[in-house]
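>>> coords below, sequence missing:
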Ligand code: PSU
Ligand code: MN
């Protein structure tokens, strides 16, 4: 495999190609959150809004998805609308990429698949809402997100609001430690749990602000030569937070319903996200939108600082 074969299946937008050529900062964005994580039309509104946020903070947005068998890096408004509204867009993690390419299908990329495509294009910073992890009950279901596998082997920094407590946060942090993935929390001593700034678990490491975080990426990849991804947990802003005890009730309820309906595999995360949004009457949705915007600002600031360090 070589660069030439990549160039046949990876379509970079004009803006992304220009930014890559002149080594200007880029922020990768995933698309599963658009097709399977948020309802229409909030999903497409957010997808457009985060592109503007990246530009306003001095970088080029690169939303990633597989459209008709091509890995697209940098999408236009019509492509975002399609991912947000078209029924039957596949949820695509790393193992699904070859099938989408070989059959000409369309898929929204998870954190794992987005990391993989971003790495193919040398885009080191990626913003999302929440990453996947070890599901509760994984000791019998073996349900552990491929996001963790990808963090173990793909050198991309993922800025998230931590991990939803639909997952086993403690076991997820154990897995990341085993894989040697550096995990750092931005500006807090506690690991955040998506809707909440707290989880009851300490931050494995803490750094404050984009310059310190960019320095951390530089140490990992350029000075130490590590080849793993990096997980940057960015707590939701205090004004948008839903306290862990409040959201916990709805999470428990959704998990019970998951069991009684026998839902498994790739459908688990989308089911839980939709159920929680429904049961909180949109409050979780507002929090979700707010934390994504916040992560995109932080990721863009990191991308800008990291690009300066590579000059
Ligand atoms: N967690 C969220 N919102 C999301 C996801 C996770 O709070 O939209 C999406 C991301 O795309 C993540 C994927 O990569 O779900 C993980 O799915 P799975 O658990 O099937 O690996
Ligand atoms: Mn899974």
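Noted; the coordinates are in hand. These numbers were taken from a predicted model, which means no experiment stands behind them. Numbering: from 1, shown residues only. Ligands and ions are numbered 1, 2, ... in the order given.

>>> Around ligand 1, pick out the residues from the stretch 201-311 of the chain.
The stretch 201-311 of the chain comes close to ligand 1 at residues 266, 269, 273, as judged by CB under 6 Å from any ligand atom. The C-beta positions use only the backbone N, C-alpha and C, and glycine is treated the same way.

>>> how about the helices in the stretch 1-150 of the chain?
Ranges of helices within the stretch 1-150 of the chain are 3-9, 14-21, 32, 42-56, 77-85, 97-103, 111-120, 138-141, 146-153, based on DSSP state H, counting those that start in this stretch.

>>> Could you check how far the second one is from the centre of its chain?
Averaged C-alpha coordinates place helix 14-21 at 22 Å from its chain's average position (CA atoms, centre = their mean, to the nearest Å).

>>> what packs against that helix?
Other elements packing on helix 14-21 under the criterion 3 or more CB pairs under 8 Å, 6 or more residues apart in numbering; DSSP states H and E are strand 26-29, strand 60-67.

>>> tell me what the first one is packed against?
With contacts defined as 3+ CB pairs under 8 Å, 6+ apart, strand 26-29 has these neighbours: helix 14-21, helix 42-56, strand 60-67, helix 111-120, strand 125-127, helix 283-310.

>>> Equivalent analysis for the longest one, please.
Secondary-structure packing of strand 60-67 (3+ CB pairs under 8 Å, 6+ apart): helix 14-21, strand 26-29, helix 42-56, strand 70-73, helix 77-85, helix 97-103, strand 107-109, helix 111-120.

>>> Can you add mean neighbour count and give the ones you listed back as a markdown table?
Shown next, in a markdown table, are the helices and strands packed on strand 60-67 (neighbours: other CB atoms under 10 Å):
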| stretch | mean neighbour count |
| --- | --- |
| helix 14-21 | 16 |
| strand 26-29 | 29 |
| helix 42-56 | 19 |
| strand 70-73 | 22 |
| helix 77-85 | 17 |
| helix 97-103 | 14 |
| strand 107-109 | 28 |
| helix 111-120 | 26 |
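
>>> Which among these is found nearest to ligand 1?
helix 111-120 (3.3 Å; CB to the nearest ligand atom).

>>> Would you mind giving the helices and strands packed on helix 14-21 as a markdown table with distance to ligand 1 added?
Shown next, in a markdown table, are the helices and strands packed on helix 14-21 (distance: least, CB to the nearest ligand atom, whole Å):
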| stretch | distance to ligand 1 |
| --- | --- |
| strand 26-29 | 11 |
| strand 60-67 | 11 |
